[in-house]
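>>> no sequence on this one, just coordinates:
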Ligand SMILES: CC(C)(COP(=O)(O)OP(=O)(O)OC[C@H]1O[C@@H](n2cnc3c(N)ncnc32)[C@H](O)[C@@H]1OP(=O)(O)O)[C@@H](O)C(=O)NCCC(=O)NCCS
């Protein structure tokens, strides 16, 4: 029997939850956020066992992600860890392959995760597909004076306003999560330090919100989440930060590549302090390409030949027909655009253009097919504010 043949994948028993989470905490070199594993739920963890012993595991969260104005169901993978004595024996690869097959059985078309190393995930068909950026801004240097809109403290009765504002932005950007309570609860605060929540309003209409904490040690505002839908809301929020300048030195938030707060400042004083890419795996080419949205005023078809060594149902030719912002996918066709499943992940999210993927060796195709793909997958640069 080969080493990997003795690896077994499956759910965990209730009495295995604590040992698995302890193993994952050790593997990640820092404990998961307190309460996170319980929050994800033992029923959503999967383990890989070698000769009956727990070798590693991970959590799977059923979520959605916005692409082209539509929500694509995604399996968010969290807390991947293999015990050090089991590493290098294919445990993580077997865990991921089995999990991808399970996700496919559940008809989840894509999977998304934050990698701490790319190698093992690339081998499983994941590829860089969007960014996560933390910006920091010194409050003393903010050069915005506008207090035109109102900023009002929010309470639980404003939750719906916050959710709707977030969704309005998610729909017109790319890659934002379709958040459900699993993601919202930690943002809105479940215990611990005080969380402040404000709405930015214009004649009573909500145009933005901010949820933050103050760190006394660093005289810092750490934004848990913010969203601005208009120029006025962004300017009001910058002024709100400036109004803290006598006691707060810096503000940081998770923002987008085209962040309105960064771009509305008079000078380049908001700097990215950390930027990481998240990765995406196309689990089912047909379902994934039919689930996302496309530019509304574009009509055309693309003949794709996909190569996928791990998931055989993806390996082959597909025709993608786009009209009215929607895609229909059939098997077959001429295969004008030859693309690996990893290149397809970067194309799908809009993270890379076809010519960029071509330069990286992930795609070959006629000029006309590459041109069509550029128009079909044109999108704002994908990002997300969440981390999991
Ligand atoms: C990353 C991790 C899950 C891989 O588990 P594993 O069972 O050893 O992985 P596999 O045996 O299936 O694959 C091993 C391959 O992954 C790559 N790899 C594993 N760990 C790596 C690391 N830390 N850095 C870079 N590449 C790594 C190597 O290419 C390795 O192949 P090789 O041994 O032939 O060189 C494991 O090392 C681990 O738990 N690390 C600490 C926690 C962590 O980083 N988790 C990922 C969070 S997103």
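Right, received. Where do you want to start? Remember, it's a predicted structure, so these values are computed and weren't measured experimentally. Numbers count the residues shown, from 1 in each chain.
>>> any chance you could map the helices in the stretch 51-200 of the chain?
Listed in chain order, the helices of the stretch 51-200 of the chain (DSSP state H, counting those that start in this stretch) span residues 91-105, 119-123, 159-172, 181-188.
>>> With the stretch 201-350 of the chain instead?
The residue ranges that make up the helices of the stretch 201-350 of the chain, judged by DSSP H, counting those that start in this stretch, are 231-242, 260-264, 285-291, 341-349.
>>> can you list contacts of stretch 189-200?
Contact with stretch 189-200 is made by 35, 149-155, 158, 161-162, 188, 206-214, 224, 228, 232-233, 236-237, 240, as judged by C-beta atoms under 8 Å, 6 or more residues apart in numbering. For the C-beta atoms, the positions are set from N, CA and C on the backbone; glycine is no exception.
>>> got the residues of the stretch 1-150 of the chain near the ligand?
By the criterion of C-beta under 6 Å from any ligand atom, the positions of the stretch 1-150 of the chain lying close to the ligand are 27-28, 80-82, 87-93, 115-117, 119-120.
>>> what's the neighbour count on the nearest residue to residue 273 once chain neighbours are set aside?
In space, residue 273 comes closest to residue 136 once its chain neighbours are excluded; the distance is 4.7 Å by C-beta to C-beta, 6 or more residues apart in numbering. Applying other C-beta atoms under 10 Å, we find 17 other residues in the vicinity of residue 136.
>>> show me what contacts residue 136?
250, 251, 252, 270, 271, 273.
>>> check contacts around the fifth one.
When contacts are counted by C-beta under 8 Å, 6+ apart, residue 271 is found next to 135, 136, 137.
>>> I figured the first one hits residue 252, correct?
Yes: counting by C-beta atoms under 8 Å, a contact exists between residue 135 and residue 252, whose distance comes to 6.5 Å.
>>> Quickly list what's touching both of these two.
Between them, residue 135 and residue 252 share the contacting residues residue 273, judged by C-beta under 8 Å, 6+ apart.
>>> What is the lowest-mean-pLDDT helix or strand in the chain packed up against?
Each helix and strand of the chain was given a mean pLDDT (mean pLDDT, DSSP states H and E); the minimum falls on helix 181-188 at a mean of 89. Counting contacts by 3 or more C-beta pairs under 8 Å, 6 or more residues apart in numbering; DSSP states H and E, the secondary-structure elements packed against helix 181-188 are helix 36-40, strand 53-67.
>>> Try it again at 10 Å.
Taking 3 or more C-beta pairs under 10 Å, 6 or more residues apart in numbering; DSSP states H and E as contact, the helices and strands that helix 181-188 lies on are helix 36-40, strand 53-67, strand 70-82, helix 159-172, strand 205-215, strand 220-228.
>>> got the angle between that helix and strand 220-228?
Interaxial angle, helix 181-188 versus strand 220-228 (axes from the mean of the first three to the mean of the last three C-alpha atoms, to 10 degrees): 130 degrees.
>>> Just want the angle from helix 181-188 to helix 159-172.
110 degrees.
>>> Run through who's touching helix 181-188.
With C-beta atoms under 10 Å, 6 or more residues apart in numbering as the contact definition, helix 181-188 has outside contacts at 33, 35-36, 39-41, 44, 61-63, 76, 78, 156, 159, 162-163, 166, 177, 179, 192, 195, 197, 211, 224-225, 384-388.
>>> can we see that at 7 Å?
Residues external to helix 181-188 that are found in contact with it (C-beta atoms under 7 Å, 6 or more residues apart in numbering): 39, 61, 177, 195, 211, 224, 225, 386.
>>> Check stretch 155-165 too.
For stretch 155-165, the external contacting residues (C-beta under 7 Å, 6+ apart) are 199, 206, 208, 209, 227, 229.
>>> Residue 350: neighbour count?
20.
>>> how much space between it and residue 116?
24 Å (C-beta to C-beta, to the nearest Å).
>>> next one: residue 302
As defined by C-beta to C-beta, residue 302 lies at a distance of 34 Å from residue 116.
>>> Residue 128 too?
14 Å.
>>> Show me the residue of the stretch 151-300 of the chain that gets nearest to the ligand, please.
Closest approach between the stretch 151-300 of the chain and the ligand, counting by C-beta to the nearest ligand atom: residue 279, at 9.2 Å.
>>> so that residue makes contact with residue 129?
Yes: contact status for residue 279 versus residue 129: in contact at 6.0 Å, counting by C-beta atoms under 7 Å.
>>> I'd like the distance from stretch 62-74 to the chain centre, please.
10 Å (C-alpha atoms, centre = their mean, to the nearest Å).
>>> pretty sure residue 331 contacts residue 318?
Yes: because the distance of 6.0 Å satisfies C-beta under 7 Å, residue 331 is recorded as touching residue 318.
>>> quick one: which of these two has more around it?
Neighbours per residue, other C-beta under 10 Å: of residue 331 and residue 318, the larger number sits with residue 318, 21 against 11.
>>> What's opposite that one in the beta bridge?
According to DSSP bridges, residue 304, residue 331 are recorded as the beta-bridge partners of residue 318.
>>> swap in the one 4 residues further on?
In this structure, residue 322 bridges to residue 300, residue 327 when assessed by DSSP bridges.
>>> re the thing from before, apply the buried test to the contacts of helix 181-188 and list what passes.
By the neighbour-count criterion of 16 or more other C-beta atoms under 10 Å, the contacts of helix 181-188 include these buried positions: 39, 61, 177, 211, 224, 225, 386.
>>> Could you work out the most separated pair of those residues?
When the buried ones among the contacts of helix 181-188 are compared pair by pair using C-beta to C-beta, the two farthest from each other are 61 and 211, 20.6 Å apart.
>>> hang on, the earlier thing: mind checking which of the contacts of stretch 189-200 are buried?
Burial by neighbour count, 16+ other C-beta under 10 Å: within the contacts of stretch 189-200 this picks out 149, 151, 154, 158, 162, 188, 206-212, 214, 224, 228, 232-233, 236-237, 240.
>>> State the three-state secondary structure for residue 32.
Put simply, residue 32 is coil when judged by DSSP: H, G, I helix; E, B strand; the rest coil.
>>> That one touches residue 79, doesn't it?
Yes: distance between residue 32 and residue 79: 5.6 Å, which falls inside the contact criterion (C-beta under 7 Å).
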